[in-house]
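# Build the 3D model from these lines:
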Amino acid sequence: MARYKVIDTHPKLIAVDLARQLLPGTFEHALDHLLEHEVDLSGLDARYRNDATGAPAYAPAVLLKLILFAYSRGIVSSRAIERACHEHVTFIALCGDQAPHFTTIAAFICDLGNDIAELFAQVLFICDVQGLIGREMFAIDGVKLSSNAAKGRSGTRAEFERQAAKLEAQARKMLERHRTTDEREDRRNAEPELAAKAQQRIERLSRDAAQIRQWLHHHPEDRRGSKGSVRKSNRTDNDSAKMATDKGVIQGYTGVAAVDGQHQVIVEAQAHGTGSEQALLIPVLDAMQDLLQENSVVTADAGYHSEANLAALAEHNVPALIADKGMRQRDERFAEQGKYQGQPDPLYDKSRPHKKIATYGPTDFDFDPDTHTCICPAGKRLYGAGSHCTINGYAVIKFRGALRDCVPCSQRTRCLRSPEKTKTRQVAFFQGKVKQAPPTCSERMKRAIDSPRGRALYGQRIGIVEPVFANLRHNKRLDRFTLRGQRKVDTQWKLYCMVHNIEKLAHHGYAQ
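Numbering: from 1, shown residues only. From the prediction side, this is the model:
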């Protein structure tokens, strides 16, 4: 039988040259060289006032190296970062065998504030010097991630008022029941454990109601959206928002990234507590104005399409391709996309569907264009519901039936598609094309994106931005934000995007 040398993995005391643990060509080597020799950290150094008195502090470069390297390995917890500084040789090499406490790491991340934008810009400048930014095409997109907030604590002020009143009523009811039980002769010798549990529940209900009342006192107004509508607040993190995703509704933030098409470098990163992406396009473009050139093309999906956004792009002369919701329906390449969609459950009812009865069309109505009158198949006169309407560039005259005629009519099943839901019939008669108005920004964008060149350029968008999100979410394991508040979440999002950019530098031979 073959014999092999024993592999001993027990702890050993080994002399280690920490500087040689950062191998050239790796992420950690590029990170160490970048923060030690390239990035200006004087803004962070100015925070410390321990020149003459006070204990020595950990250098900002050391803390940044630990945080960025931990994020690159999918480690987010500050406690886990501190533990890795004691156990992992690469972490030990980066911190010089001086493991910061987890509270120091957490406080440093939370206090970065506006300095993170300056650090992100410096890393981006180095990427530009290394020739990683082409400036020919930029793809803008966002990813919705859960926040460190409880979704069940969302609501309007009116809903919070009802919750507090309900909790207070439950506490009073339990207290009255408890007092009634104590007054009875046959309950005086009741078990003290049950009485203690009831008292604890009363205290918990009262405490929860008091917390809601305190939150309402500190937030006297409802949260408002961009158009003034009332949005649900959150008592855990009021900057976060409820947003719909393909996996359900989450309480979180939208991380927006603008990615250059040449080497997929993130040129701008922002995190916002809203699920509406339309309001996020212009702030991102304003932040990346210095990178845009005359031949630069900005692409974004249908979530960023709005007449206001397209008008702003036209005003600033920014060439862009912003898809609309009907783009794929107009593209013949997607004509057979239905056969690739998910099939129904094999146990569904395979019986022949009931054939719907054909309903009356406009030709079944007696319309007189001279007198502008309309008679339905049942002989009832319809009243006008609009004589100056326009549908797809055509003038339309609309008529609607009266409730007194349509509700008792015996021909409702022949006249209405959903007689159980619809009360009256409406019919429209087209009168020809109206005078063409100047094309809107949306119409011009549709023509541009439907052209052969527009389709070819827009087709590159998904290959530019989606791999970036795949790298952050899968490889770096960014599945949720761990901080609270828009400013702190924006800091964490920019740190992850910095990790992505530094990784690009390392892969292209930086600092070798």
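# the domain parsing of the protein - what is it?
As given by automatic domain parsing, the domain ranges for the chain are 18-48+56-111, 137-145+242-334+441-489, 157-221, 362-424.
# can I get these in CSV with mean neighbour count, distance to residue 122 and mean pLDDT?
Yep, even glycine has a C-beta here, placed from its N, CA and C like the rest. As requested, the domains of the chain are exported to CSV (neighbours: other C-beta atoms under 10 Å; distance: least, C-beta to C-beta, whole Å; pLDDT from 0 to 100):
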stretch, mean neighbour count, distance to residue 122, mean pLDDT
domain 18-48+56-111, 17, 5, 94
domain 137-145+242-334+441-489, 18, 13, 93
domain 157-221, 13, 37, 81
domain 362-424, 14, 52, 88
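# by contact count, what packs against the longest strand anywhere in the chain?
Looking across the chain with DSSP state E, the single longest strand is strand 248-260. Here strand 248-260 touches strand 137-146, strand 241-245, strand 266-272, helix 461-470, helix 486-507, going by 3 or more C-beta pairs under 8 Å, 6 or more residues apart in numbering; DSSP states H and E.
# Residue 101 versus residue 65, what's the distance?
Look at residue 65 and residue 101: by C-beta to C-beta, to the nearest Å, they are 16 Å apart.
# and what of residue 51?
To residue 101, residue 51 is 22 Å away according to C-beta to C-beta.
# next one: residue 31
As judged by C-beta to C-beta, residue 31 and residue 101 stand 22 Å apart.
# How is residue 378 assigned, secondary-structure-wise?
Following DSSP: H, G, I helix; E, B strand; the rest coil, we place residue 378 in the coil state.
# Which residues are in contact with the residue lying closest to residue 235 once chain neighbours are set aside?
Closest residue to residue 235 apart from its sequence neighbours, by C-beta to C-beta, 6 or more residues apart in numbering: residue 153 at 4.4 Å. Counting by C-beta atoms under 8 Å, 6 or more residues apart in numbering, residue 153 touches 234, 235, 236.
# Read off the pLDDT value for the closest residue to the last one other than its chain neighbours.
Taking C-beta to C-beta, 6+ apart as the measure, residue 236 lies nearest to residue 149, with 4.0 Å between them; neighbours along the chain are not counted. The confidence metric pLDDT takes the value 92 at residue 149.
# hang on, residue 149 packs against residue 242?
No: applying C-beta atoms under 8 Å, one finds residue 149 not in contact with residue 242, separated by 9.9 Å.
# Give me the contacts around stretch 83-102.
If you take C-beta under 8 Å, 6+ apart as the criterion, stretch 83-102 is touched by 16, 18-19, 21-22, 28, 31-32, 58, 62-63, 65-66, 69-70, 75, 77-79, 81-82.
# One more: stretch 26-35?
For stretch 26-35, the external contacting residues (C-beta under 8 Å, 6+ apart) are 22-23, 41, 61, 64-65, 68-69, 72, 90, 93-94, 123, 126, 502-503, 505-506, 510-511.
# now the helices: where do they sit in the stretch 51-200 of the chain?
Assigned by DSSP state H, counting those that start in this stretch, the stretch 51-200 of the chain shows helices spanning 60-72, 78-87, 89-95, 102-110, 115-129, 157-183, 192-218.
# Just the C-alphas of the fourth one, formatted as PDB.
Coordinates of the C-alpha atoms in helix 102-110 are reproduced here as PDB (Å, rounded to 0.1, in the frame of the first residue of the first chain):
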ATOM      1  CA  PHE A 102     -14.500  46.200  15.700                       C
ATOM      2  CA  THR A 103     -16.000  49.400  17.100                       C
ATOM      3  CA  THR A 104     -13.100  51.300  15.600                       C
ATOM      4  CA  ILE A 105     -13.800  49.700  12.200                       C
ATOM      5  CA  ALA A 106     -17.500  50.300  12.400                       C
ATOM      6  CA  ALA A 107     -17.100  54.000  13.500                       C
ATOM      7  CA  PHE A 108     -14.600  54.600  10.700                       C
ATOM      8  CA  ILE A 109     -17.100  53.400   8.000                       C
ATOM      9  CA  CYS A 110     -20.000  55.400   9.500                       C
END
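# gap between that helix and the chain center?
25 Å (C-alpha atoms, centre = their mean, to the nearest Å).
# Quick check: closest non-adjacent residue to residue 431.
residue 395 (4.2 Å).
# give the contact list for the one you found.
388, 389, 430, 431, 432, 433, 434.
# and with 10 Å instead?
387, 388, 389, 429, 430, 431, 432, 433, 434, 435 (C-beta atoms under 10 Å, 6 or more residues apart in numbering).
# Return the closest of these with respect to residue 360.
Closest approach between the contacts of residue 395 and residue 360, by C-beta to C-beta: residue 429, at 13.6 Å.
# Touching, the closest one and residue 382? I think so.
No: between residue 429 and residue 382 there is no contact under C-beta atoms under 10 Å: 11.0 Å.
# Now the common contact residues for those two.
With C-beta under 10 Å, 6+ apart, residue 429 and residue 382 have common neighbours 365, 367, 374, 398, 399.
# What residues are recorded as beta-bridge partners of the second one?
On the basis of DSSP bridges, residue 367 is bridged to residue 374.
# residues contacting it?
By C-beta under 10 Å, 6+ apart, residue 367 lies in contact with 373, 374, 375, 382, 397, 399, 427, 429.
# State the distance from the fifth one to residue 427.
In this case it means residue 397. Counting by C-beta to C-beta - residue 397 and residue 427 are separated by 9 Å.
# Now the common contact residues for those two.
Jointly contacting residue 397 and residue 427 under the rule C-beta under 10 Å, 6+ apart are 367, 374, 385.
# these two touch, right, the second one and residue 387?
Spelled out, it's residue 374. No: with contact defined as C-beta under 10 Å, residue 374 does not count as touching residue 387 (11.4 Å).
# Which neighbours do these two have in common?
Counting by C-beta under 10 Å, 6+ apart, the contacts common to residue 374 and residue 387 are 397, 398, 399.
# and which of these is nearest residue 12?
Closest approach to residue 12 among the shared contacts of residue 374 and residue 387 (C-beta to C-beta): residue 398, at 86.5 Å.
# Kindly state the beta-bridge partners for the closest one.
For residue 398, the beta-bridge partners under DSSP bridges are residue 386, residue 428.
# so it touches residue 390, yeah?
No: here residue 398 does not reach residue 390: they are 11.2 Å apart, not a contact under C-beta under 10 Å.
# still on that earlier bit, output the helices of the stretch 51-200 of the chain as TSV; include the columns distance to residue 252.
TSV is the format used below for the helices of the stretch 51-200 of the chain (distance: least, C-beta to C-beta, whole Å):
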stretch	distance to residue 252
helix 60-72	18
helix 78-87	21
helix 89-95	29
helix 102-110	18
helix 115-129	20
helix 157-183	20
helix 192-218	20
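# which stretch among those helices comes nearest residue 256?
Nearest to residue 256, of all the helices of the stretch 51-200 of the chain, is helix 115-129, at 13.5 Å by C-beta to C-beta.
# roughly how far is that closest one from the heart of the chain?
On the basis of C-alpha atoms, centre = their mean, helix 115-129 sits 24 Å off its chain's mean C-alpha point.
# That helix versus helix 102-110: what angle between them?
Calculated by axes from the mean of the first three to the mean of the last three C-alpha atoms, to 10 degrees, helix 115-129 forms an angle of 70 degrees with helix 102-110.
# So which elements touch helix 115-129?
helix 42-45, helix 60-72, strand 248-260, strand 266-272, helix 486-507 (3 or more C-beta pairs under 10 Å, 6 or more residues apart in numbering; DSSP states H and E).
# Send me the shortest one as CSV with only the CA atoms.
Pointing back at helix 42-45 there. Extracted as CSV, the C-alpha positions of helix 42-45 are listed here (Å, rounded to 0.1, in the frame of the first residue of the first chain):
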residue,chain,number,x,y,z
SER,A,42,-4.9,64.2,4.1
GLY,A,43,-8.6,64.9,4.4
LEU,A,44,-8.9,61.9,6.8
ASP,A,45,-5.7,62.8,8.6
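# Run the chain-centre distance for it.
32 Å.
# just the fourth one next, same as before
The offset between the C-alpha centroid of strand 266-272 and the centroid of the whole chain comes to 12 Å, using C-alpha atoms, centre = their mean.
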